[in-house]
Structure formats: C-alpha cells, structure tokens
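Peer 1: Using only what follows, build the 3D model:
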Amino acid sequence: MLTPHPLRLARFERACWWLDQGFQLLPLKPCSKHLQPGFGPHQACIADPVCARQWFLNTNANLGVVLGGCAGLAVADWDHLPDYQKWRATTGAAVHTLAERTARGFHLFFVGHGLTSAAGNGCEFKASGVCMVTPSTHPSGAVYRVVNDAPIAALDALEARSLFPFLSQPPSPELPAYPTAVPITPQHTGLVARIKATRSILAELHAADVDLHPAGHDTLVGLCPFHDDHSPSLWVYPHTGLWGCNRPDCPAHGIHDVINFRARWRGISNRAAIRQLADELF
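Peer 2: Residues are numbered from 1 along each chain as shown. As a prediction, this is how the structure comes out:
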C-alpha cells in the first residue's frame, strides 16, 4: 500500500478534526482559494470522513471550512503583521483561541451566534462564507500552519464588538436598497484594504447594471455578466464583499472581491483595477 503524501495526510487529518468539532468543509482547488465546482456554503459541503478522505487524501485539494450557519464559526483575518501585533498588544491581549499563520498574517477563530462581518484596523472579521485553513497551500506556495492549537473560543456579539470595535460602526449609506459589503473606517491600513472598505461590491455591480435579488440569508443572486446566463448563477455576500459564479465553465467561477470584479468587467489587470479604484476613491 502506497503511503499518502505527507501534506495530503495532514489535510485529511485536519479535515477530520474540523468535522469532529461539528463544522462543514469545502474542497478548494490546489494552491488556490477557489472552490471546487459544485461546492459552496449554499451548495454541496463535506460533512463526513468518507467524503473528506476522497478529497483531501486522494487529491491535492486545499481545505476550506464553512463560516457562519448553524455552527456559527467566525474568523478574524489579518494580512499585515503590524496590525495583528497592535491588536494583540491592546484589545486582544487576553484572547486565547485557535490561531493559524497564513501566507501574510494570522487567522484567529471564534464560535458564536449573532456575529456579523466587517473590516477595520487592518482586520477582516468574517462570519459567513468560506475560510481556507491549515495546512492548505497559498497561491504563493506558503503553507498555512497552526500557531496556537487551542480550543475555539466562544464569542457573543457584545464581546465581539469589544474585541473588534469596528463591528459596531454603522454601514455606509451608499446604495441603501442593499446592505454594504463592509463599514467604511478610516483606520484601514493598506491600499487594498482601504479600497475594499470604501467601495462596496454592490456599488460596483450596480454600476455594471447587474440586477440582484434576495436568495436566502445574507445572499443575493443575479444573472452573471461574464457568460450567457439565463438562470441566476451570480451570487453575492454583501456583508463580506465576496462574489462569484456557480457555473463551473464561467471565467468568473470561484470566489472574488470588488477589485476582481472591476478588473474582469473592464478587461484590465488586478493591479490596474487597484489604481483605478484608488484614483476614484481617494
């Protein structure tokens, strides 16, 4: 019998750990944060070790965990070490929970109900969607790793606002017919984070004449502008600013943000989209 590749074995074992905690999983494309076709928080999920074995022991799929839902999983995500260190030295000094080192920063996991998604102070707090987790491989080649193998801390809405004050800020009044992607906060560091905080995905879709309709909790759907769509396959999570297309052969299949939409809609690179948005917003 062939011995599984160490990274595949580690992903399968970690997948079983997440399942034992009561969370659902999603297979992601190798070295990517994009979902495998047919899977998603509102589509098919992995809920048993047999399916986990198929994906994580027998393929190079990255490992994703479903946020929100009945389980109430949430993640605080920092992309810049100084922002994380500042939080750790102040409001986060006493926090003890599962922590991962990502390609550029840190993930800290919490569980609770009534939690919402927002961003501020260099941190994105995500209470819905998908999170790529250890030991997945980032597109850069870096492998996520656990740095604090502690139980996932429980967190209620009041405690969350105490640890992450930006969660209590009101949403932007832009496009009042829909909730905005994230509240606008002046404390954002990093140009990309500032763009995501200032330009909601709904504003970008509205400018592209994409009509959206409610399709369940915290989800909007519409006709995808990137293929000949007759049945709504474009999905949007307004509170996280994420969007994608459910059709596997669509060039917009996967998980994207407002910058990716601007780039694809205007036929330019992500770097050019960042420059455009920065010139318009700041």
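
Peer 1: And the strands in the stretch 151-282 of the chain?
Peer 2: Remark: strands assigned in the stretch 151-282 of the chain by DSSP state E, counting those that start in this stretch are 153-154, 213-214, 220-222, 234-237, 242-245.

Peer 1: what's next to the last one, contact-wise?
Peer 2: What that stands for is strand 242-245. Here strand 242-245 makes contact (Cβ atoms under 8 Å, 6 or more residues apart in numbering) with 35, 129, 201, 205, 224, 226-227, 233-237, 252-257, 261. C-betas here are computed from N, CA, C, even on glycine.

Peer 1: any low-confidence regions in the stretch 51-200 of the chain?
Peer 2: 169-189 (pLDDT under 70).

Peer 1: please redo it, this time with the cut-off set to 80
Peer 2: The model of the stretch 51-200 of the chain has pLDDT under 80 over residues 168-190.

Peer 1: how about the strands of the stretch 151-282 of the chain in TSV, adding distance to Trp55 and mean neighbour count?
Peer 2: Below are the strands of the stretch 151-282 of the chain laid out as TSV (distance: least, Cβ to Cβ, whole Å; neighbours: other Cβ atoms under 10 Å):
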stretch	distance to Trp55	mean neighbour count
strand 153-154	28	14
strand 213-214	31	10
strand 220-222	26	20
strand 234-237	22	24
strand 242-245	19	23
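
Peer 1: mind putting the ones you listed in CSV, distance to Thr116 included?
Peer 2: Formatted as CSV, the strands of the stretch 151-282 of the chain follow (distance: least, Cβ to Cβ, whole Å):
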stretch, distance to Thr116
strand 153-154, 16
strand 213-214, 17
strand 220-222, 16
strand 234-237, 12
strand 242-245, 14
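
Peer 1: And the longest helix anywhere in the chain, what does it pack against?
Peer 2: Longest helix of the chain, by residue count under DSSP state H: helix 6-20. Here helix 6-20 touches strand 25-28, helix 49-52, strand 62-67, going by 3 or more Cβ pairs under 8 Å, 6 or more residues apart in numbering; DSSP states H and E.

Peer 1: CSV please, covering those and showing distance to Thr137 and mean neighbour count.
Peer 2: Below are these laid out as CSV (distance: least, Cβ to Cβ, whole Å; neighbours: other Cβ under 10 Å):
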stretch, distance to Thr137, mean neighbour count
strand 25-28, 10, 24
helix 49-52, 17, 15
strand 62-67, 6, 26
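
Peer 1: Which residue ranges of the stretch 51-200 of the chain form helices?
Peer 2: In order along the chain, the stretch 51-200 of the chain carries the following helices (DSSP state H, counting those that start in this stretch): 81-89, 157-163, 191-198.

Peer 1: Dump the longest one to PDB, restricted to CA.
Peer 2: Taking C-alpha atoms only, helix 81-89 is exported to PDB below (Å, rounded to 0.1, in the frame of the first residue of the first chain):
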ATOM      1  CA  LEU A  81       1.800  41.600  10.900                       C
ATOM      2  CA  PRO A  82       2.000  45.100  12.500                       C
ATOM      3  CA  ASP A  83      -1.800  45.400  12.600                       C
ATOM      4  CA  TYR A  84      -2.100  42.000  14.300                       C
ATOM      5  CA  GLN A  85       0.700  42.900  16.800                       C
ATOM      6  CA  LYS A  86      -1.100  46.200  17.600                       C
ATOM      7  CA  TRP A  87      -4.400  44.400  18.300                       C
ATOM      8  CA  ARG A  88      -2.600  41.700  20.400                       C
ATOM      9  CA  ALA A  89      -1.000  44.400  22.500                       C
END
